[in-house]
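Trainee: What follows is a predicted structure for the sequence shown.
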Amino acid sequence: MNAEQYNAIIIGGGKAGKTLAPALVADGRKTALVERSLSMIGGGCINVACIPTKTMVASAEVANTVRNSAAYGVKANAPTVDLAAVIQRKRSVVQSMRAMNLHNLETALGHELIIGMGRFVAEKTIEVTTTEGKTRYLTAEHFFINTGTRPLIPPVPGLKETGFLTSESIMELEHLPEHLIVLGSGYIGLEFAQMFRRFGARVTVIGHSEQILSQQDPDIAIAVQTLLERDGINFLLNAKVLKVEHSGNETALQLQVSEREIRLQGSHLLVAVGRAPTTDTLNLAAAGVATDARGFIQVNDRLETNIPGIWALGDINGGPQYTHASLDDYRIIKANLIDGSNRSTRDRLVPSCLFIDPELAHVGLTETEAQQQGYAIRVAKLDASAIPRARTFGQIDGLLKAIIDTETGRILGCSLLCHEAGEVISTVQMVMQAQMPYTVLRDGVLTHPTMTEGLNLLFSKL
């Protein structure tokens, strides 16, 4: 084995990896980035997750706006959704962002951007099978694993034989499903459920738990479900899939729903029950890198694995599966390895946003979590209809909720189900990070009329 020597090797070019590579090069370190395919340059977010889904969500929102335009005094014909054109728009957005990322990486790395599959053959050595069919061996003192996740496929009898869809393959459909069955009632499943309902499909969501969005408080979950049911989406909760069959042009599911068995048929089945780590191809045993029972790489709060000199960044380390968390992983590595600082994941606030309409954004603890951790709390709630800007938009559905530490007056957590919630939550997050009391938002002079002004009203409820 004649291994090529580097200072640093990054396996996987997701948000953390692609951002770290130029920083390492700028620091004078000979760096290689190994990415499995040109079609994945920039990582899952750009190519198969955040960017393409939100591009399609935008198309669904336009269709819904046109469909309801009469409520705004604008008469328009009922919308006709050209799904092939929606998909082509999505591809165009993805391709432009992928090209930008490829240019940035080639500029920083040159020929050290290696397209191929990498796997460990020793603790600090990998074998790369390039897309050109060549085999290269690379070694370095520092390794950064950033290979991300893929759709999780549950072991349901008959499922693999049915030709089901995943969150990736459904975004290549060019013909609208007649009846889309969504297996999974979390973020991924609900975004696609509303999207395809607004495109014109009949949609049924199957959830394993008694409520959708099992990590949220029941009142928030119920509010979201009510909104989606108003869109015409059907829900079967507390359901277990016993078996899946392909019958003619349809997929049939045998379900146990509470105490009864039912048979549900649809034209398409989307499996959206979570994400699995892409570690099975890495041969981590050769490097001695430890994983948990699900295959995620185990790290400490500085993102270090059990092997000195090997880090795991982004979704692969089992932390929050958000691109903004992956970007912060990069910041932690850069601070500790390059800048001589001391950063960790300890106590960092990671917001989330479910991109349905209206959006559901969250940061910090839920009411349930705060109670479980022993806090004495106060809870503020506000109907979105109380916000003047929501009325001007005609977006009055939703619920705002904040959890306050009675002793300190600080905000422990906040859930916003309202128009532009993903933007408004950042204001709450900044106050939480600054460890300021909720009165800063209650008494702050916020622009009128905006959705952020709703924070004045929410915290005035205390």
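Mentor: Looks like it came in fine. Bear in mind the structure is a predicted one, so any value in this text is a computation, not a measurement.
Trainee: alpha carbons only for contacts and neighbour counts from here, please
Mentor: Noted.
Trainee: Quick check: the gap between residue 319 and residue 153.
Mentor: Distance check for residue 319 against residue 153: by Cα to Cα, to the nearest Å, it reads 20 Å.
Trainee: Next: residue 71.
Mentor: Going from residue 71 to residue 153 by Cα to Cα gives 42 Å.
Trainee: which one of these two has more residues nearby?
Mentor: Between residue 71 and residue 153, residue 153 has the larger neighbour count (other Cα atoms under 10 Å), namely 16 against 11.
Trainee: Make sure that one is indeed in a helix.
Mentor: No - applying DSSP: H, G, I helix; E, B strand; the rest coil, one finds residue 153 to be coil, outside a helix.
Trainee: Look up how far residue 219 lies from it.
Mentor: For residue 153, the distance to residue 219 - Cα to Cα - is 30 Å.
Trainee: do residue 337 as well
Mentor: Counting by Cα to Cα, the separation of residue 337 from residue 219 is 44 Å.
Trainee: Can you work out which other helices and strands pack against whatever helix or strand residue 109 lives in?
Mentor: For residue 109, the host element (DSSP states H and E) is helix 83-109. Applying 3 or more Cα pairs under 8 Å, 6 or more residues apart in numbering; DSSP states H and E, we find helix 83-109 packed against helix 15-26, strand 31-35, helix 44-48, helix 50-67.
Trainee: just the angle between it and helix 15-26, please?
Mentor: Going by axes from the mean of the first three to the mean of the last three Cα atoms, to 10 degrees, helix 83-109 is angled at 20 degrees with respect to helix 15-26.
Trainee: which residue ranges form the strands in the stretch 101-250 of the chain?
Mentor: Counting by DSSP state E, counting those that start in this stretch, the segments of the stretch 101-250 of the chain that form strands are 113-122, 125-130, 135-145, 149-151, 179-183, 202-206, 234-236, 239-247, 250-257.
Trainee: ok, and which of those strands has the densest surroundings?
Mentor: strand 179-183 (a mean of 25; mean count of other Cα atoms under 10 Å).
Trainee: what is the mean pLDDT for that one?
Mentor: Averaged across strand 179-183, the pLDDT comes to 98.
Trainee: swap in stretch 253-266?
Mentor: Mean pLDDT, stretch 253-266: 95.
Trainee: Give me the contacts around that stretch.
Mentor: Here stretch 253-266 makes contact (Cα atoms under 8 Å, 6 or more residues apart in numbering) with 178-181, 236-245, 250-252.
Trainee: now residue 397, nearest residue through space, not along the chain?
Mentor: Excluding its sequence neighbours, the residue lying closest to residue 397 (Cα to Cα, 6 or more residues apart in numbering) is residue 384, at 5.8 Å.
Trainee: Look up how far residue 249 lies from the one you found.
Mentor: Noted for residue 384: a distance of 43 Å to residue 249, by Cα to Cα.
Trainee: on that earlier part again, the residue nearest to residue 397 and residue 394 touch, don't they?
Mentor: No - using Cα atoms under 8 Å, residue 384 makes no contact with residue 394, being 10.8 Å away.
Trainee: Give me the neighbour count for the closest residue to residue 274 other than its chain neighbours.
Mentor: Distance criterion Cα to Cα, 6+ apart; nearest residue to residue 274, sequence neighbours excluded, is residue 152 at 5.4 Å. Using other Cα under 10 Å, residue 152 is surrounded by 15 other residues.
Trainee: show me what contacts residue 152?
Mentor: If you count contacts by Cα under 8 Å, 6+ apart, residue 152 has them with 272, 273, 274, 275, 276.
Trainee: What's the local residue count around the third one?
Mentor: Okay, so that is residue 274. For residue 274, using other Cα under 10 Å, the count is 18.
Trainee: I'd say it and residue 151 touch.
Mentor: Yes - Residue 274 lies in contact with residue 151 (Cα under 8 Å); the separation is 6.3 Å.
Trainee: can you map out the helices along the stretch 251-400 of the chain?
Mentor: Applying DSSP state H, counting those that start in this stretch to the stretch 251-400 of the chain gives helices spanning 284-287, 323-333, 367-372, 388-393.
Trainee: Against which helices or strands is the shortest one packed?
Mentor: What that stands for is helix 284-287. Packed against helix 284-287 by the contact rule (3+ Cα pairs under 8 Å, 6+ apart) you find strand 113-122.
Trainee: Can you dump the C-alpha atoms of the strand it packs on in CSV for me?
Mentor: Extracted as CSV, the C-alpha positions of strand 113-122 are listed here (Å, rounded to 0.1, in the frame of the first residue of the first chain):
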residue,chain,number,x,y,z
LEU,A,113,-11.5,17.2,-4.4
ILE,A,114,-11.8,13.5,-5.0
ILE,A,115,-15.0,12.0,-6.3
GLY,A,116,-15.4,8.4,-5.1
MET,A,117,-16.3,6.0,-2.3
GLY,A,118,-14.0,6.1,0.7
ARG,A,119,-13.6,3.4,3.4
PHE,A,120,-11.1,2.9,6.2
VAL,A,121,-8.5,0.2,5.9
ALA,A,122,-6.5,1.3,9.0
